[in-house]
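In: What follows is a predicted protein model with its sequence.
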Amino acid sequence: MPFIPHTADEIREMLAVIGVQEVEELFAEIPSALRSRDRGELPPALNEMEIGRLMRERASQDGQPLCFIGAGAYEHHIPAAVWEIAARGEFYSAYTPYQAEASQGTLQLLYEFQTMMASLTGMDISNASLYDGASALAEAVLMAVRINRKSKRILVPATLHPAYRQVVHTIVHNQGIELVELPYCTDCGHIVPDSLQRFSGGDFAALVIPQPNFFGVLEEVDTLAEWARANDMLAIGVVNPTALALLSPPGEWGGPGVDIACGEGQPLGMPLASGGPYFGFLCCRQSHVRQMPGRIVGRTVDSDGKPGYTLTLQAREQHIRRSKATSNICTNQGLMTTAATIYMALLGPAGLERVAGRCHLATRRLLERLTAIEGVKPLFDRPFFHEVVLALDVPVQPLLDRLARQQLLAGFNLQKDYPELGSALMVCCTETKSDADLEQFATLFGAAVDDLRRSRC
Amino acid sequence: MPFIPHTADEIREMLAVIGVQEVEELFAEIPSALRSRDRGELPPALNEMEIGRLMRERASQDGQPLCFIGAGAYEHHIPAAVWEIAARGEFYSAYTPYQAEASQGTLQLLYEFQTMMASLTGMDISNASLYDGASALAEAVLMAVRINRKSKRILVPATLHPAYRQVVHTIVHNQGIELVELPYCTDCGHIVPDSLQRFSGGDFAALVIPQPNFFGVLEEVDTLAEWARANDMLAIGVVNPTALALLSPPGEWGGPGVDIACGEGQPLGMPLASGGPYFGFLCCRQSHVRQMPGRIVGRTVDSDGKPGYTLTLQAREQHIRRSKATSNICTNQGLMTTAATIYMALLGPAGLERVAGRCHLATRRLLERLTAIEGVKPLFDRPFFHEVVLALDVPVQPLLDRLARQQLLAGFNLQKDYPELGSALMVCCTETKSDADLEQFATLFGAAVDDLRRSRC
Amino acid sequence: MLIFEQSRSGRTNPTQAPRIDEARHAVPQRFRRRQRPLLPEVSEMQAVRHYTRLSQQNYSIDTHFYPLGSCTMKYNPRGCHALAALPGFLGRHPHAPEQTHGQGVLACLFELQEILKQVTGMRGVSLTPMAGAQGEFAGVAMIRAYHRERGDGERRELLVPDAAHGTNPATAIMCGYDVREIPTDSAGDVDIEALRRSVGPRTAGIMLTNPSTLGVFERRIREIADIIHSAGGLLYYDGANLNAILGKVRPGDMGFDVIHLNLHKTFATPHGGGGPGAGPVGVGERLLPFLPVPMVGRKEEGYYWLTEQERPRSIGRLSAHMGNVGILLRAYIYTRMLGAEGMERIAEFATLNANYLMVRLAQSGFEMAFPERLASHEFILTLKREAKQTGANAMDFAKRLLDYGYHAPTIYFPLLVPECFLIEPTETEDKATLDRFAEAMSAVLCEARTSPELLKQAPCTLPVKRLDDVKAVRELDVVWKG
Amino acid sequence: MLIFEQSRSGRTNPTQAPRIDEARHAVPQRFRRRQRPLLPEVSEMQAVRHYTRLSQQNYSIDTHFYPLGSCTMKYNPRGCHALAALPGFLGRHPHAPEQTHGQGVLACLFELQEILKQVTGMRGVSLTPMAGAQGEFAGVAMIRAYHRERGDGERRELLVPDAAHGTNPATAIMCGYDVREIPTDSAGDVDIEALRRSVGPRTAGIMLTNPSTLGVFERRIREIADIIHSAGGLLYYDGANLNAILGKVRPGDMGFDVIHLNLHKTFATPHGGGGPGAGPVGVGERLLPFLPVPMVGRKEEGYYWLTEQERPRSIGRLSAHMGNVGILLRAYIYTRMLGAEGMERIAEFATLNANYLMVRLAQSGFEMAFPERLASHEFILTLKREAKQTGANAMDFAKRLLDYGYHAPTIYFPLLVPECFLIEPTETEDKATLDRFAEAMSAVLCEARTSPELLKQAPCTLPVKRLDDVKAVRELDVVWKG
Ligand SMILES: Cc1ncc(COP(=O)(O)O)c(C=O)c1O
Ligand SMILES: Cc1ncc(COP(=O)(O)O)c(C=O)c1O
């Protein structure tokens, strides 16, 4: 029996101890009218070899194209050691570290994770992960409304990842929280500080500030954070952790920094994996810690006075506080933070800085090559980070489809989310792309643009 | 610096403690005339991402064809758990367990391995591995000559794996040991017991008995083992461990069994990997244990009387006995026996029997399909195990080349090693081959044979 | 020792850092970071050694028996992990076009949706929630959307039994509902009279698990369903305990309108020291339009994503992409290795193990919370008497078990059973392990009677002794300051 | 507990067993096995748990400092493992045709041959030997083939210094040679006068390591080479200590004719709890034709195997296929990650670490075997005085170090230094680790003086206490009988 160790003799012995004849008797309390008669059409059992073959076929069906899509998920080199260690049974198959003394491995690691994330974002406190970047922002919004009770309205720029805006809406609107859109400049792809004027003095609990924004464009974060503070709103930074190796951390924006910083942890050693599992991180000022959702690990001592680690401030959590908890989150993305911690330890500050630098350099080089192609221009003329929007004189979708068949995923089509931008394609380079890859991209891309243009005249 | 943790400060401090100015001074005892001036043309350092890309390209260059070659290396399903555990750092990166107390994991596992192998072969004793099947046989031959001092001649059948015969010759001939070839019947592909007559009473230390033999054909092992005993020779069995789940173990051949049993451990969880690392196993009767080469683990007790494990009978080994050792072997194939032990534990006796049964069944089915093709006949009419020789009416090499280009490795060409057999192709099926694979083989094969035949007329 | 304490300024790890052959990457000064973050500067070997050694300080399924009630700590097959980690799956960008570069993974997800529909008896499934609690959120949000669409906006109250898991009331609040607690009767069932008194025009629905967190099957479930439905409410099924009934009885057949599953419990995906999991939701007819997106559809040309466009009444998205795909793949592989019979066997052997262990512990003198009931896949004992007699409470018993090499059962949950142990052995443990665990429990009981200080001081064989949780809160130290 | 003690008759693990849909597979009765072998009958989880827990009972590089002299226990990069385990490499059958299905792996092997030629200064390299000892065998067999081909069959004697590793004399014997030991002088060098007296027409050659197993560089190596060469013999270089001189001085330039390398030492492939390793051999001009096959050649169409056909004077094959290809790939990847500079840095930092630790230990009062010499990548101290004064000998010191969380250095080797510790820290350890190790050594020394019984009873913190080796031999128990 797959995964069941019982022998016929043992089953007999066990039933005898219980004092029943058959296993079926153990289900006697289930009203028989409810019992499933029909087994449905579940497929028959496969052994590991058979399912292995099926899965290998399916995985290879999905191919390994050259991928220049970013848009919230980034292909980075992941050191082999990261998952070799994170997948060790002791990390992989452990539960939440409720029994602290039997979970010092996970707990110490999380304490190190919190320290790394706090330092990366420049914030005082980090929790031990939320589901993903988008839901972390939703939690940040809820947190902001709990802290700044003056309003249930949140100012959210249109340059924030569209899916994040959708997720936040899904999660917060049932509590009567309203997201108010802050428009952006379609020429430069960011929030023009002057445009804030008309929201000044408004009734908002918080301003969300993405850096870089969805387009890869750098926002004037210092000005935005200052404006929020001046207008009695909390500031919530949404950041890419790789970018933070180069860019000023939210904890320092506009001087004292934001109140809450969050984002998607995927770039820190998570494979793309069709979108998950990734993890959301959430950091805040010390003064907000009791409104923080999610688990937090603290350092303490044991009865000999020896340092040790344990879950702390659990009174914020659902298993203690139930309906008064800061969030309903229970299971989080623990294993992913394990991987992220090992990733950050292997890279170190200099390594992560080089990753960010290389990504950006590669994107600039790609931009140069692509804009040398007729009909391809940069859409925005603003500083950016490792992601850039191109204006094309041919329609984007047919171009992408065609290149996909050539095993090149050439970028993210902005048509659906930002129709006002016209034929706009967002491309992204990471350190995984060699000069030869850029060359190949430019060649295939140039040919495809040409062809498409010709086929239209 | 790749893999070197020293910082500039630390280097300075360390040099100061040593009392030198520069690292270079530590090489002062090397005569300067000898010092390498020329660095050669080593390629520049690659980082893990870069070498990863190169290796992935090379690995995919080698493809993943459908493979029906056996000839001493067999593609079996390897449970995922096998290498997930064997590759854990504590097994993977440990040294030989000379410090027993700090190596109980490896030592207990090896004791379990020895028990499994002894039971599988039906012998009293197993060592903890040798390099591979071929070199294990060479060690068995040396062992036989040490035990049976009457002769330095060994009777080796032509049905033994040709590479094994070559390896044994390479290793033993410098000690004046001679391998005498025992011929086989080209009609039935095995040693006809009657043919032994002319060697009876001869001056031989041992008879080597392969089961199944190189052709997959089953030898009359009982008769052969009895004959050896009757003629005052040692009998050395060379066996496939998977086959032993179905076939009678060498420890029982001809009643009391052989003196030494050995073979290639690869089928027990080792990937094909272009030929290695695999491992050789070597088992013997209790009375021969002091002539056994290689490491042996024994069970003993600690100072509290608690059971524990340690390397034992080390006085046989080179690090103690030096020139009087039973072999020069030191490093063996430890990690592979780790994997094999886990493999055997996961399969159990019933599982291994099913592997053997399924392999054989698949080969019989393949044989049926292939011999339905015109011009394809079984060459030998004898019981076999999971490998079978076909007689073709077209030349083998062009056929194989053509099928290889179609991603089908159709078998092993016997032309080079057994020219007397004519156009003979040896094919092998394991449990990894589905009915659809057999179908595909038969279809491509039939078409290719046809074509070749036509192109010749 | 912390990784930071092994750090030395200036140490780098070039094998893991990309090459930068040009300094042109700089971003304008005003955006730039001024001070490097406090990440450790260690060699690859130092990192490997540090985290390998840390891992050894955990109890886990791969190393220990882990009878943690409500958590279903069963074996996580290594094959699921290896196959979900195939390069084709790991390398796929979430925005890779599914027609050319996603049919493999979408096929798995589609089939998983179908399988989960089958085993739950629901009409539609969305896989996107990233854990049980997010599944609860999705489920309750669908209930809310349903009432809202019907113009039934006055239903502002969700009923939750007092034994419910903390995520249930917390979720209700997140969805903007008020929570009304329903008491449990002395046999562990919902107090039906109290329930009748609680329903009304404000009732949006009820959140239940069955078997409940008390380890017993709610026998009058159809009656409860009728009460709620007649009052105009809907029934939510918390699937955390599905392991108990897989293939035996389906939530859809019990009358539930919406359900979440914890794939990291019933479907053996690993808990990873806290996550990730996956919490797919299934619904009956009424809630079908509201399922969260994306989902996977199939048409002739192949599989495709169902988004807001195809499903405009959906409650929306819960994650930036498609939830925890890697976890869904693991669960899919597991279901395929089980097949139809394997599913049912889970419930049978989980139940056999729980009842066997319950009887063995009862025979050893432990007091069961519901002695007259059959165990489901788990059961509760109370150490109330022992705590009174010996001074050693459930926490002390739990800590002492760690010394015996067992992870402790769930303690102090559900809150209504004093000094309780919620014990769930799961189907993947063998009889010998249960026997040894029962012996260890007896041994601890004996120690409690003769030398309770052993329990009070426990654990004494682990990397640390009993930790000071109060100090952890009072002198909050959650970020290393060097 | 042994895995067999967890076995229950009749338990199976169907997920890992193939389907048999027909019983037709039976082989004739007389060939059939009558009784099933004693393999354990356990569930997948039991096997996983058992072997995971066993693994935790090992010291290893990934968990502990391992200053085991002569063994070069350096970090084994995880990247090498992951990349050598790519499916294209693991799945390749050794008889897959190299033209269509092998150019990838052959390219790596060819380049590795070239790299090893460069770093050793030799003219040709064969990768096939499966460990150092098999490399030694190949090397000495080549020397023998060379003399034999020249009709110089009277050369029946191989010179081996008394400090040599045990594999050296054992190999000489396996190749049919007589061994003649050469003494070492008090400074740790070969006794040149004794050497001169030993050479003659019976001299086939000499086997040397340099730096020697005494941890010092043989300064008069050219003189030794001249003596041997003038006598008509050849020089064999045991490459186990190559870590000390990589990029600094090449065996070919010292005058050696043949060399083996231990890729599992110098080139960082894992020791795997005893193996596998790889022991490629390199040769100068004279021995080129004799290199063992297969080797990898290159022509315009691509890479191909060089076999007996192309190399008829080869000493032949040493394994059924091509040796430990998986290990060769790991070493190849490692060399590519190091590059030219990285190679030389190995020698520099291995030497720096050894000399630093030597000075620190000398300062702590330990007695060095060769105090006037520089350490190479390793060094020797003798505990002769301590053994005499305290009764605690090198073995006791070693066992006590285990309690401090360090693997013990190599003890009682080389035999000529009494009560010795052969200490090799390798370049991958950081200064802080060396400092802590030095402190632990001092602490043990202090314990030896004040309470030597602590050492005699050590270890006391490991899964077992001191094991009874004598009983293990006297009451041989090497197979479990149940
Ligand atoms: C009964 C019950 N409901 C809900 C949950 C929440 O599920 P998750 O942790 O996946 O969010 C749990 C988890 O422990 C549970 O036991
Ligand atoms: C000096 C020396 N020579 C030879 C060898 C033998 O190498 P292997 O163990 O790879 O066979 C060793 C291994 O320890 C060694 O240290």
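Out: The structure has been received and is ready for your questions. Ligands and ions are numbered 1, 2, ... in the order given.
In: my read: C:Cys9 touches C:Pro40, true?
Out: Not quite, residue C:9 is Ser, not Cys. No - using Cβ atoms under 8 Å as the test, C:Ser9 is too far from C:Pro40 to be in contact (10.7 Å). Backbone N, C-alpha and C define where each C-beta goes, glycine included.
In: Of the two, which one has the most company?
Out: C:Pro40 (25 against 10; other Cβ atoms under 10 Å in any protein chain shown).
In: At which residues are the helices of the stretch 1-150 of chain C located?
Out: Taking DSSP state H, counting those that start in this stretch to define them, one finds helices in the stretch 1-150 of chain C at C:44-55, C:78-84, C:87-90, C:98-101, C:103-120, C:132-149.
In: looking at those helices, which is closest to chain D?
Out: helix C:44-55 (3.7 Å; Cβ to the nearest Cβ).
In: I'd like to know which elements that closest one is packed against.
Out: The contact analysis (3 or more Cβ pairs under 8 Å, 6 or more residues apart in numbering or on different chains; DSSP states H and E) places helix C:44-55 against helix A:80-86, helix A:104-121, helix A:334-371, helix B:89-92.
In: Quick one: closest of those to ligand 2.
Out: Across the helices and strands packed on helix C:44-55, ligand 2 has its closest neighbour in helix B:89-92 (16.6 Å, Cβ to the nearest ligand atom).
In: Need the mean per-residue confidence for that closest one.
Out: Averaged over helix B:89-92, pLDDT sits at 98.
In: do you know how far the residue nearest the centre of chain A is from chain B?
Out: A centroid search over chain A (Cα atoms, centre = their mean) returns A:Glu264, at 2.8 Å, as the residue closest to the centre. With the distance defined as Cβ to the nearest Cβ, to the nearest Å, A:Glu264 ends up 21 Å from chain B.
In: can I assume that residue is in contact with A:Leu130?
Out: No - A:Glu264 lies out of contact with A:Leu130 (Cβ under 8 Å); the separation is 10.2 Å.
In: Find residues that contact each of these two.
Out: A:136, A:279-281 (Cβ atoms under 8 Å, 6 or more residues apart in numbering or on different chains).
In: Same list as before, the helices of the stretch 1-150 of chain C that is, but in TSV and with mean neighbour count included.
Out: Below are the helices of the stretch 1-150 of chain C laid out as TSV (neighbours: other Cβ atoms under 10 Å in any protein chain shown):
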stretch	mean neighbour count
helix C:44-55	25
helix C:78-84	24
helix C:87-90	19
helix C:98-101	20
helix C:103-120	23
helix C:132-149	26
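In: For D:Val258, which of the ones you listed is the nearest?
Out: Nearest to D:Val258 among the helices of the stretch 1-150 of chain C is helix C:44-55 (33.0 Å), distances taken as Cβ to Cβ.
In: Is chain B within reach of the biggest helix by length in chain C?
Out: Selection of the longest helix in chain C by residue count, based on DSSP state H, yields helix C:325-363. No - using Cβ under 8 Å from any Cβ of the partner chain, helix C:325-363 stays clear of chain B, with a minimum separation of 10.3 Å.
In: ok, how many other residues are close to the residue of the stretch 201-350 of chain C found nearest chain D?
Out: The stretch 201-350 of chain C approaches chain D most closely through C:Met337 (5.6 Å), counting by Cβ to the nearest Cβ. Using other Cβ under 10 Å, C:Met337 has 22 neighbouring residues.
In: part of a strand, is C:Ala204?
Out: Yes - checked against DSSP: H, G, I helix; E, B strand; the rest coil, C:Ala204 lies within a strand.
In: Could the C-alpha coordinates of the helix or strand of chain A with the lowest mean pLDDT be exported in CSV?
Out: When the helices and strands of chain A are compared on mean pLDDT, DSSP states H and E, helix A:318-321 comes out lowest with a mean of 87. Only the C-alpha atoms of helix A:318-321 are listed here, as CSV (Å, rounded to 0.1, in the frame of the first residue of the first chain):
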residue,chain,number,x,y,z
GLN,A,318,-4.8,34.0,15.1
HIS,A,319,-4.0,30.9,17.2
ILE,A,320,-3.9,33.1,20.3
ARG,A,321,-6.0,36.1,19.6
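In: quick one: it near chain C?
Out: Yes - using Cβ under 8 Å from any Cβ, helix A:318-321 comes into contact with chain C via A:318-321.
In: Would you show me how to pick out the buried ones of these in ChimeraX?
Out: Only the buried entries of the residues of helix A:318-321 next to chain C go into this ChimeraX selection, using 16 or more other Cβ atoms under 10 Å in any protein chain shown:
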select /A:318,319
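In: In the chain, where is pLDDT below threshold?
Out: Just so you know, I chose chain A. A:38-39, A:457 (pLDDT under 70).
In: try chain C instead
Out: Checking chain C against pLDDT under 70 turns up C:22-25.
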